[in-house]
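Peer 1: Compute the structure for the input listed below.
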Amino acid sequence: MEMEQDFTYDIMGVCLLAGKIMLESGAETYRVEDTMMRIAASFGIAESHPYVTPTGILFSVEAEEPTKTKLIRIMERTTDLEKVAQVNGISRRISAGEMSVGEAYTALKAIGASKSTYSYAVQVLAAAVASGCFLIMFKGSWGDFIPAFLAGGIGFMALLYFHNLVPIKFFSEFSASLLIGLLALLFVKTGIGSDMDIIIIGSVMPLVPGLLITNAVRDLMAGHLISGLAKGADAFLTAFAIGSGIAVIFSIM
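Peer 2: The predicted structure is shown next:
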């Protein structure tokens, strides 16, 4: 009996670890819950009840009496769809009977401990290129491509730096947008750039929480009202931080 209980807790540990990695990496709430239930069912637990919010996961199983429940906190949230895909791959292998509980837990631990797929240098370069391309997409002139490229890259670098310095999203996003506004103003004043508005718009686009807004809407449509509203509020705070940083620059012009 004790061995059965330990095995049940091991299965719950695998489910919670999979859900934690997915939620921290930007997965939708309903996708996290579905993955956890599928893993539990594949290991012989037909009745499982995950309750997922952006800040925590509550998981309960009815394998035998009394009902077992575990809770895990979610402290950090980012966007890493590669990890979401890897956890989905582990889930499919479990469903196919190709992995035991121990093997699945070890594989998930390795995914959770792995660093970001791309280095900081590649992320900054991608943000810089995206900023320049967004400027062209918003009908800016090619003469402003380099200013937007530089402002977007430096702004994203500042976002990463300030977030590591002070792990408060609002502070890092506000500081990054403030720096982007200052750079855009400097480029225009020195004659390097011509259209300050378009340079700013293109440069802040890598900071915009597009995936967070999409997940909030999808969670609301799926009926996860608490998660949808929480993610919507998070996206609103990010947008407010970006707007506030740019507003400060316009107020001192």
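
Peer 1: for the helix or strand containing residue 122, which positions count as buried?
Peer 2: In the assignment (DSSP states H and E), residue 122 maps to helix 120-137. By 16 or more other C-beta atoms under 10 Å, the buried positions in helix 120-137 come out as 123-124, 127-128, 130-135. (Each C-beta comes from the backbone N, C-alpha and C, glycine too.)

Peer 1: Could you say which helix or strand holds residue 58?
Peer 2: strand 56-61.

Peer 1: Within its sheet, name the partner strands of the helix or strand just after that strand and how each one runs.
Peer 2: Downstream of strand 56-61, the first helix or strand assigned by DSSP H and E is strand 68-73. Note on strand 68-73: by DSSP bridges, its sheet partners are strand 56-61 (antiparallel).

Peer 1: what pLDDT, on average, does the strand it pairs with get?
Peer 2: Averaged across strand 56-61, the pLDDT comes to 90.

Peer 1: Go ahead and measure how far stretch 142-157 is from the middle of the chain.
Peer 2: Taking C-alpha atoms, centre = their mean, to the nearest Å, one finds the center of stretch 142-157 at 24 Å from the center of the full chain.

Peer 1: can you dump the C-alpha coordinates of it into PDB?
Peer 2: The C-alpha trace of stretch 142-157 is given here as PDB (Å, rounded to 0.1, in the frame of the first residue of the first chain):
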ATOM      1  CA  TRP A 142      14.900  53.400 -45.100                       C
ATOM      2  CA  GLY A 143      17.000  56.300 -43.700                       C
ATOM      3  CA  ASP A 144      15.500  55.500 -40.300                       C
ATOM      4  CA  PHE A 145      16.300  51.800 -40.500                       C
ATOM      5  CA  ILE A 146      19.700  52.000 -38.800                       C
ATOM      6  CA  PRO A 147      18.400  54.300 -35.900                       C
ATOM      7  CA  ALA A 148      15.500  51.900 -35.300                       C
ATOM      8  CA  PHE A 149      17.900  48.900 -35.500                       C
ATOM      9  CA  LEU A 150      20.200  50.500 -32.900                       C
ATOM     10  CA  ALA A 151      17.500  51.800 -30.600                       C
ATOM     11  CA  GLY A 152      15.600  48.500 -30.700                       C
ATOM     12  CA  GLY A 153      18.700  46.400 -30.000                       C
ATOM     13  CA  ILE A 154      20.000  48.600 -27.200                       C
ATOM     14  CA  GLY A 155      16.500  48.800 -25.700                       C
ATOM     15  CA  PHE A 156      16.100  45.000 -25.600                       C
ATOM     16  CA  MET A 157      19.600  44.700 -24.200                       C
END
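
Peer 1: what sits up against it?
Peer 2: Stretch 142-157 has contacts (C-beta atoms under 8 Å, 6 or more residues apart in numbering) with 120, 123-125, 127-132, 134-136, 140, 176-177, 179-180, 183-184, 187, 192-195, 198-200, 202-207.

Peer 1: likewise stretch 122-135?
Peer 2: The contact list for stretch 122-135 (C-beta under 8 Å, 6+ apart) reads 116, 118, 144-146, 148-153, 155-157, 160, 198-199, 201-203, 205-206.

Peer 1: Just the buried residues of those.
Peer 2: 144-146, 148-153, 155-157, 198-199, 201-203, 205-206.

Peer 1: For the protein, give the helix that spans the most residues.
Peer 2: Criterion DSSP state H: the longest helix present in the chain is helix 225-252.
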